[in-house]
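> Need coordinates for the below:
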Amino acid sequence: MKFEAHKAILDSGKHALSCVVVLTLALVCASPARAQEMVQPPNQQLAPESLDAKRAQTLKELEDLTGQISLSSERVATLDNEIAALKKDQTSITAALIQSAKTEKKLSEDIASFSEKLTGLREQEDGIKNSLKERRGALAEVLAALQRMGLNPPPALLVRPDDALASVRSAVLLGAVVPEMRQQTEVLIADLEELTRIRTSISEERGRLTAALSSQAEEKKRLDLLLTEKQKLQTTSEGTRQAEQQRAEDLAKRATSLRDLIASMEQDMQEVKRAADAASAQEQQKLAASQQRADDFASNQDRLSAQVNFASLKGHLSMPAVGKLVKHFGDDDGLGGAVQGDTLETPAGATITSPTDAVVLYAGAFRSYGQLLILDAGNGYHVVLAGMKKINVSQNQFVLAGEPVGVMNEQLIASTAPVPMGNGAPMLYIEFRKDTKPVNPAPWWAARLAGRTANDT
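Numbers count the residues shown, from 1 in each chain. Presented below is the predicted three-dimensional model:
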């Protein structure tokens with residue numbers, strides 16, 4: 001009976017240790033460097049990676065996944081047919097653009113959420129790994145005990161029935177070893193099971209991230225097709241648009257500041273309107289281009305006047321893109337002054353949407369701002385967006401809130417950041433002005449969106 005009891009205890013311990021051996025081998029084989037890690041002395045253990053390093057790892061993985069995603073020719077053809085089936089008018093195309101941009105923005109939010117979860121899971125994974133490394137000595141003792149029991153069984157398993165003293169001593173020895181061994185194995189098994197669970201979660205989250213990236217790529221393609229279709233519907237001829245753009249660029253070169261640029265563009269629009277209004281019938285052909293600009297301008301002003309006053313929209317505007325606010329109006333600009341707007345860190349290649357209904361006052365390059373967009377929101381209010389790779393709208397065009405107006409770069413353009421930025425992510429500079437003077441945008445942002453964006457990590 002005594003022998004059977006000892007044997008049962010030993011078998012139980014060996015079964016638990018077998019689980020440890022299997023799981024430990026799985027851990028070691030999971031990485032080429034794991035075997036080396038498990039035999040390193042404790043004083044040579046690596047420090048846990050920082051949160052920033054984990055974020056960088058996730059961003060690199062995000063870039064790699066994005067680079068691997070491409071739409072099939074069949075899916076592109078389906079999108080082409082979908083756009084072709086739309087009613088060919090400005091209202092239908094604009095509505096489709098706004099909906100597509102909204103969908104793409106939601107996908108960007110999902111991607112940011114999945115990426116953040118991956119970062120957190122990898123932190124947990126590292127915590128478990130470091131815990132196991134810190135207790136590698138205990139693991140070695142447990143494995144050694146198993147080896148000794150398997151190859152050199154304790155005396156209690158070999159004693160003669162008449163060797164009572166030896167049997168007692170052996171029982172005491174076995175009773176002292178097995179409980180300690182069980183305690184160690186229970187802790188080790190719990191850690192290894194948690195590590196397995198975390199790795200399963202990482203795989204699932206990575207799958208969700210890949211699916212979201214694929215959907216985003218499709219939505220961006222839809223946006224491109226819709227933008228191309230809308231450009232075809234623009235009533236202004238290509239020659240007139242080029243002339244308007246050249247005139248705007250000339251004014252931008254002469255302007256010494258953003259304030260000067262806004263003032264000169266508004267003056268130019270008013271001059272065009274007055275010239276068209278004063279033109280006689282005999283001069284209509286000569287002034288046709290100016291008249292067209294004046295008519296468009298007057299039409300857009302009428303549309304704006306029918307909209308809600310910009311001042312009354314406080315607490316209701318959506319951010320132009322998904323991201324996090326890294327600088328706020330009034331913050332130190334590092335040059336002894338204060339920042340005159342908000343700076344939004346965006347995902348690479350993010351779609352930028354108009355925060356409000358407005359007329360495009362200026363669209364193009366301007367000094368150190370890079371690609372600059374000035375939106376006339378009416379009643380002396382202007383919205384300035386800078387730092388984009390590409391602007392999709394043109395001067396004097398009317399845009400609705402949520403309509404896509406541009407696309408961000410893949411990384412930060414140094415000259416567009418109002419203050420030094422260290423991580424290289426694209427930065428969108430947002431400025432609100434009233435009568436050409438900067439005002440704090442914070443009161444206009446929707447509380448839910450502003451809070452989430454400002455605190456998003």
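
> C-alpha only now, for contacts and for neighbours.
Fine.

> ok, now which ones touch S100?
E219, R222, L223 (C-alpha atoms under 8 Å, 6 or more residues apart in numbering).

> Next, give phi and psi for I430.
Reported as degrees, to the nearest 10, the phi and psi values for I430 are phi -120, psi 130.

> Please tell me the pLDDT value assigned to R274.
Note on R274: pLDDT of 66.

> What of the one 10 residues further on?
Per-residue confidence at Q284 stands at 56 (pLDDT).

> cool, Q231 as well?
81.

> any idea how far T94 is from it?
11 Å (C-alpha to C-alpha, to the nearest Å).

> before we move on, what about A363?
19 Å.

> Next: L86.
Distance of L86 to T94, given as C-alpha to C-alpha: 11 Å.

> the more surrounded of these two?
Taking neighbours as other C-alpha atoms under 10 Å, L86 and T94 compare with T94 leading, 20 against 13.

> Going along the chain, name the helices of the protein.
2-29, 34-39, 51-68, 73-84, 90-134, 136-151, 164-233, 238-254, 258-278, 288-306, 447-455 (DSSP state H).

> And stretch 410-428, end to end?
Note: stretch 410-428 ends 12 Å apart using C-alpha to C-alpha.

> What's the mean pLDDT across that stretch?
On average, stretch 410-428 scores 61.

> Show me how the chain divides into domains.
The chain breaks down into these domains under automatic domain parsing: 2-233, 236-457.

> any idea which of those scores lowest on pLDDT?
Across the domains of the chain, domain 2-233 gives the lowest mean pLDDT, at a mean of 67.

> For the closest residue in space to S201 that isn't next to it in sequence, the count of nearby residues, please.
Leaving aside its sequence neighbours, S201 sits nearest to L121 (C-alpha to C-alpha, 6 or more residues apart in numbering; 7.6 Å). L121 is flanked by 18 other residues according to other C-alpha under 10 Å.

> who's in contact with L121?
I198, S201, I202.

> same thing with L59?
S115.

> try G315
Per C-alpha under 8 Å, 6+ apart, neighbours of G315: P443, W444, W445, A446, A447.

> isn't D333 right up against V339?
Yes. D333 is within contact range of V339, at 5.2 Å (criterion: C-alpha atoms under 8 Å).

> nearest residue to E218 other than its sequence neighbours?
Going by C-alpha to C-alpha, 6+ apart, E218 has L71 as its nearest residue, at 6.8 Å.

> What's the separation between that neighbour and K220?
11 Å.

> quick one, which of those two is more surrounded?
Using other C-alpha under 10 Å, the more surrounded residue of L71 and K220 is K220, with 18 against 12.

> contacting residues around the more buried one?
Per C-alpha under 8 Å, 6+ apart, neighbours of K220: E104.

> Pull the strand ranked longest in the chain out as CSV, backbone CA atoms only.
In the chain, taking DSSP state E as the definition, the longest strand is strand 381-391. Provided in CSV are the C-alpha atoms of strand 381-391 (Å, rounded to 0.1, in the frame of the first residue of the first chain):
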residue,chain,number,x,y,z
TYR,A,381,-15.0,82.5,-40.4
HIS,A,382,-12.3,80.5,-42.2
VAL,A,383,-11.0,77.0,-41.6
VAL,A,384,-7.4,76.3,-42.5
LEU,A,385,-6.0,72.8,-43.2
ALA,A,386,-2.3,72.2,-43.9
GLY,A,387,0.1,69.3,-44.2
MET,A,388,-1.7,67.2,-46.9
LYS,A,389,-0.1,65.3,-49.7
LYS,A,390,-2.9,66.1,-52.1
ILE,A,391,-5.9,68.4,-52.2
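
> in that strand, what's buried?
Judged by neighbour count using 16 or more other C-alpha atoms under 10 Å, the buried positions of strand 381-391 are Y381, H382, V383, V384, L385, A386, G387, M388, K389, K390, I391.

> Quick check: the farthest pair among these?
Y381 and K389 (24.6 Å; C-alpha to C-alpha).

> Without its sequence neighbours, what residue ends up closest to H316?
A446 (4.5 Å).

> I'd say the one you found and L317 touch.
Yes. Contact between A446 and L317 holds when scored by C-alpha under 8 Å: they sit 5.3 Å apart.

> These two - which one has more neighbours?
A count of neighbours by other C-alpha under 10 Å puts L317 above the other of A446 and L317, at 22 against 17.

> Just list whatever residues bridge to the more buried one.
W445 (DSSP bridges).

> contacting residues around it?
Contacts of L317 by C-alpha under 8 Å, 6+ apart are P355, T356, W444, W445, A446.

> So E403 sits against A101, correct?
Yes. Using C-alpha under 8 Å, E403 makes contact with A101 at a distance of 6.9 Å.

> Phi and psi next, for F366.
The phi/psi pair for F366 (degrees, to the nearest 10) is phi -150, psi 110.

> what about it, distance to S108?
F366 is 28 Å from S108, by C-alpha to C-alpha.

> again, but for S354
According to C-alpha to C-alpha, S354 stands 17 Å off from S108.

> Also L132?
As judged by C-alpha to C-alpha, L132 and S108 stand 36 Å apart.

> With R136 instead?
For R136, the distance to S108 - C-alpha to C-alpha - is 42 Å.
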